[in-house]
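Colleague: With the input below, show me the fold.
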Amino acid sequence: MTPRALLIITLLLVAYEFLQGNMQGADGLLETGVGLLRDTLPILRETGTSRRPSRIAADDEMREMDHILPYLSVMSGYTGFCNSQHRLYERPISFPDEDPPLPGSTSPTRLLSAWGRFYTRAIIFHVQATRALFGRASGDLGKTQEEQERCLELLRRWREVVMDCRDRFVSSRDARTRRAMRLVHMQYLTILIAVSCCRDKTDMLYDRYEAEFREMLRLCSECLAEPEPVSKIRFTFEGGSIASPLFIILCKCRRRDLRMKAVAACQKVSWREGAWDGKALLCGLGLAMLEEQYRDESGHIPASARFVWKDVKWDQQHRQLVAEYWKLRPEKDGTIVSRQLTLDVDRWTTEAFGDTGEQTS
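Modeller: Got it, this is the predicted structure:
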């Protein structure tokens with residue numbers, strides 16, 4: 001079987017499991033697909049434990065879509081329902097010394113392919129950096145800083161290309177092209193914020209990016225105002241394309257008005273984006289509501305009251321999520337405060353969660 005056929009079959013099987021709501025099955029298929037294509041797809045080969053050269057040459061069509069499987073895999077890992085995925089990228093990723101396409105003449109197709117490869121690498125870097133920061137994986141913090149600076153430098157170069165394509169194609173008559181340019185712009189802002197803050201244990205750096213959060217929310221609203229981009233099965237492989245910007249606003253933007261607008265926007269996302277659906281977004285809503293309890297009279301959420309999403313379990317029978325959150329700042333004696341929330345999938349309001357309990361460990 002050719003790598004191209006194996007990639008297509010893997011994506012079809014994963015899509016089927018996502019549509020059935022079988023996240024464990026999708027997780028296993030993604031892990032198997034990554035393993036089988038590890039020595040063929042460049043991004044997978046760079047980040048795995050194997051150092052074997054590719055035994056099968058990828059054709060031109062494969063090069064255009066060689067980022068799709070690792071992108072879907074690593075984005076699925078963010079949801080908490082595909083926990084095997086982030087462990088697949090063990091070796092620190094590096095950014096090739098190559099420039100973005102030239103602005104002014106880049107077609108949407110070429111932009112999407114080149115941006116997809118860079119964006120996937122940037123996401124994997126963010127995963128590796130944050131796992132090392134919180135001790136979930138080993139890592140050289142000096143090397144992490146070097147790659148962070150390299151990624152941010154490349155993002156500065158990419159900005160001109162992204163803005164140029166947005167300005168040239170945002171008024172296109174083709175709805176798919178308009179949507180694609182908005183998605184690239186949102187992804188640019190998302191990864192700019194995430195990489196800039198990936199070495200900050202306090203989450204305080206995110207407060208500097210209010211303008212970017214506001215722009216992301218505007219772009220999400222424009223996408224949601226367009227006719228729905230998916231077929232009657234209400235599924236797209238654009239994993240987290242609108243959902244992940246909304247999720248980062250819920251979890252990392254501490255401006256109450258922007259958070260509440262993001263909550264309203266989440267209710268309008270009626271399709272599944274890969275592993276991203278309402279259940280994943282609901283975990284972000286739970287984190288936001290936890291932190292809102294600690295907002296002081298000046299409207300500020302202090303460093304001592306900022307949480308991170310730790311784990312989630314899905315109760316199919318009762319259609320509820322049991323989500324666990326940790327305070328980023330330990331208590332004075334070193335204990336970590338955790339909160340567990342039961343989140344009702346069918347109640348998208350500020351009362352979305354029921355029983356709560358605070359624990360220390």
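Colleague: Helices along the stretch 201-350 of the chain, start to end?
Modeller: Assigned by DSSP state H, counting those that start in this stretch, the stretch 201-350 of the chain shows helices spanning 210-225, 243-252, 256-266, 278-292.
Colleague: Let's have those in a markdown table, adding distance to residue 127 and mean pLDDT.
Modeller: No exception for glycine: its C-beta is placed from N, CA and C like everyone else's. Output for those, formatted as a markdown table (distance: least, C-beta to C-beta, whole Å; pLDDT from 0 to 100):
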| stretch | distance to residue 127 | mean pLDDT |
| --- | --- | --- |
| helix 210-225 | 20 | 92 |
| helix 243-252 | 13 | 90 |
| helix 256-266 | 22 | 89 |
| helix 278-292 | 16 | 83 |
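Colleague: out of those, deepest packed?
Modeller: helix 243-252 (a mean of 26; mean count of other C-beta atoms under 10 Å).
Colleague: Helix or strand for residue 157, just tell me which one.
Modeller: Applying DSSP states H and E as the criterion places residue 157 in helix 141-169.
Colleague: Only the buried residues of that helix, if you could.
Modeller: Across helix 141-169, burial judged by 16 or more other C-beta atoms under 10 Å covers 144, 147-148, 151, 154-155, 158, 161-162, 164-166, 168-169.
Colleague: can you tell me the average pLDDT over it?
Modeller: Mean pLDDT, helix 141-169: 89.
Colleague: low-confidence ranges in the chain?
Modeller: Within the chain, the segments meeting pLDDT under 70 span 47-63, 136-139, 227-234, 238-240, 271, 278-279, 345-361.
Colleague: try 50 this time
Modeller: Residues of the chain meeting the criterion pLDDT under 50: 50-58, 349-361.
Colleague: rewinding a little: make JSON lines from the helices of the stretch 201-350 of the chain and add distance to residue 204 to it.
Modeller: Formatted as JSON lines, those follow (distance: least, C-beta to C-beta, whole Å):
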{"stretch": "helix 210-225", "distance to residue 204": "13"}
{"stretch": "helix 243-252", "distance to residue 204": "11"}
{"stretch": "helix 256-266", "distance to residue 204": "17"}
{"stretch": "helix 278-292", "distance to residue 204": "13"}
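Colleague: what's the angle from the helix or strand where residue 186 lies to helix 243-252?
Modeller: Taking DSSP H and E as the definition, one finds residue 186 inside helix 175-196. Going by axes from the mean of the first three to the mean of the last three C-alpha atoms, to 10 degrees, helix 175-196 is angled at 30 degrees with respect to helix 243-252.
Colleague: Determine the set of other helices and strands touching helix 175-196.
Modeller: Here helix 175-196 touches helix 108-133, helix 141-169, helix 210-225, helix 243-252, going by 3 or more C-beta pairs under 8 Å, 6 or more residues apart in numbering; DSSP states H and E.
Colleague: Could you pull out the buried residues of it?
Modeller: Within helix 175-196, the residues that count as buried by 16+ other C-beta under 10 Å are 177-196.
Colleague: What is the neighbour count of residue 78?
Modeller: Residue 78 has 23 neighbouring residues, counting by other C-beta atoms under 10 Å.
Colleague: Return the residues in contact with it.
Modeller: 127, 240, 244, 247, 280 (C-beta atoms under 8 Å, 6 or more residues apart in numbering).
Colleague: give me the number of residues near the residue nearest to residue 305 when sequence neighbours are not counted?
Modeller: Of all residues not flanking residue 305 in the chain, residue 294 sits nearest, at 3.3 Å (C-beta to C-beta, 6 or more residues apart in numbering). Applying other C-beta under 10 Å, we find 14 residues neighbouring residue 294.
Colleague: do you know how far the residue lying closest to residue 134 once chain neighbours are set aside is from residue 329?
Modeller: What sits nearest to residue 134 in space, not counting adjacent residues and going by C-beta to C-beta, 6+ apart, is residue 201, at 7.5 Å. Separation of residue 201 from residue 329 (C-beta to C-beta, to the nearest Å): 8 Å.
Colleague: again, but for residue 276
Modeller: 29 Å.
Colleague: Between the two, point out the one with more neighbours.
Modeller: When neighbours are counted by other C-beta under 10 Å, residue 276 and residue 329 differ, and residue 276 comes out ahead with 27 against 17.
Colleague: Show me what the more buried one is bridged to.
Modeller: Applying DSSP bridges to residue 276 yields these beta-bridge partners: residue 273.
Colleague: wait, doesn't it sit right on residue 77?
Modeller: No. Using C-beta atoms under 8 Å, residue 276 makes no contact with residue 77, being 11.3 Å away.
Colleague: which one of the helices of the stretch 201-350 of the chain lies closest to residue 67?
Modeller: helix 243-252 (16.0 Å; C-beta to C-beta).
Colleague: other SSEs contacting that closest one?
Modeller: In terms of contacts (3+ C-beta pairs under 8 Å, 6+ apart), helix 243-252 is packed against helix 175-196, helix 210-225, helix 256-266, helix 278-292.
Colleague: Residue 281 is in contact with residue 79, correct?
Modeller: No. Residue 79 lies out of contact with residue 281 (C-beta under 8 Å); the separation is 9.4 Å.
Colleague: Tally up the residues packed near residue 208, please.
Modeller: Residues contacting residue 208 under the criterion other C-beta under 10 Å number 11.
Colleague: Residue 20 now?
Modeller: By other C-beta under 10 Å, 10 other residues sit near residue 20.
Colleague: now do residue 199
Modeller: Counted with other C-beta under 10 Å, residue 199 comes out at 15.
Colleague: Make sure it is indeed in a strand.
Modeller: No. Read with DSSP: H, G, I helix; E, B strand; the rest coil, residue 199 is coil and lies in no strand.
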